[in-house]
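Novice: Any chance you could fold what I've pasted below:
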Amino acid sequence: QVQLAESGGGLVQAGESLRLSCAASGRTFSTAMGWFRQAPGKEREFVAVINWSGAYTDYTDSVKGRFTISRDNSKTTIFLQMNSLKPEDTAVYYCNVVRSSDFRTPLFDSWGQGTQVTVSS
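Specialist: As a prediction, this is how the structure comes out:
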């Protein structure tokens with residue numbers, strides 16, 4: 001079982017930046033990992049994915065050009081650099097291992113506590 005711990009969220013104004021981190025412990029996988037978010041009253045949605053080597057990344061359309069996903073050399077931490085934040089980015093952000101079959105579906109049904117991102121207008 002792998003444990004995932006998200007951090008780095010906060011309250012910012014529109015146009016500002018945040019950098020989220022996700023540390024994986026326990027069993028680690030040589031596989032894709034991704035970020036997801038859940039806004040109040042909405043379903044959790046895919047945000048970004050990065051493959052094991054870091055050579056492949058993809059994003060949901062609403063964050064393309066503003067968010068950048070990356071991972072460190074040890075492959076146990078991923079990051080999400082969020083620039084030009086908008087109020088509609090307000091959500092709890094989660095990380096998860098992502099199925100390499102589609103680079104979208106989270107592998108684990110259980111989620112960490114997430115990290116709250118609030119963007120004021």
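
Novice: sec struct for Glu16, please.
Specialist: Glu16 falls in the coil class when you classify it by DSSP: H, G, I helix; E, B strand; the rest coil.

Novice: From Gln81, how far off is the spatially most central residue of the chain?
Specialist: Taking CA atoms, centre = their mean, the centroid of the chain lies closest to Trp35, which sits 2.2 Å from it. Trp35 sits at a distance of 11 Å from Gln81 (criterion: CB to CB, to the nearest Å). All C-beta spots, glycine's among them, are computed from the backbone N, C-alpha and C.

Novice: swap in Arg99?
Specialist: 24 Å.

Novice: picking up where we left off before, identify the contacts common to Trp35 and Gln81.
Specialist: Between them, Trp35 and Gln81 share the neighbouring residues Ile69, with contact defined by CB atoms under 8 Å, 6 or more residues apart in numbering.

Novice: where in the protein is pLDDT low?
Specialist: Where the chain drops to pLDDT under 70, the residues are 27-29, 73, 75.

Novice: distance between the ends of stretch 61-70?
Specialist: Across stretch 61-70, the straight-line distance between its terminal residues is 18 Å, by CA to CA, to the nearest Å.
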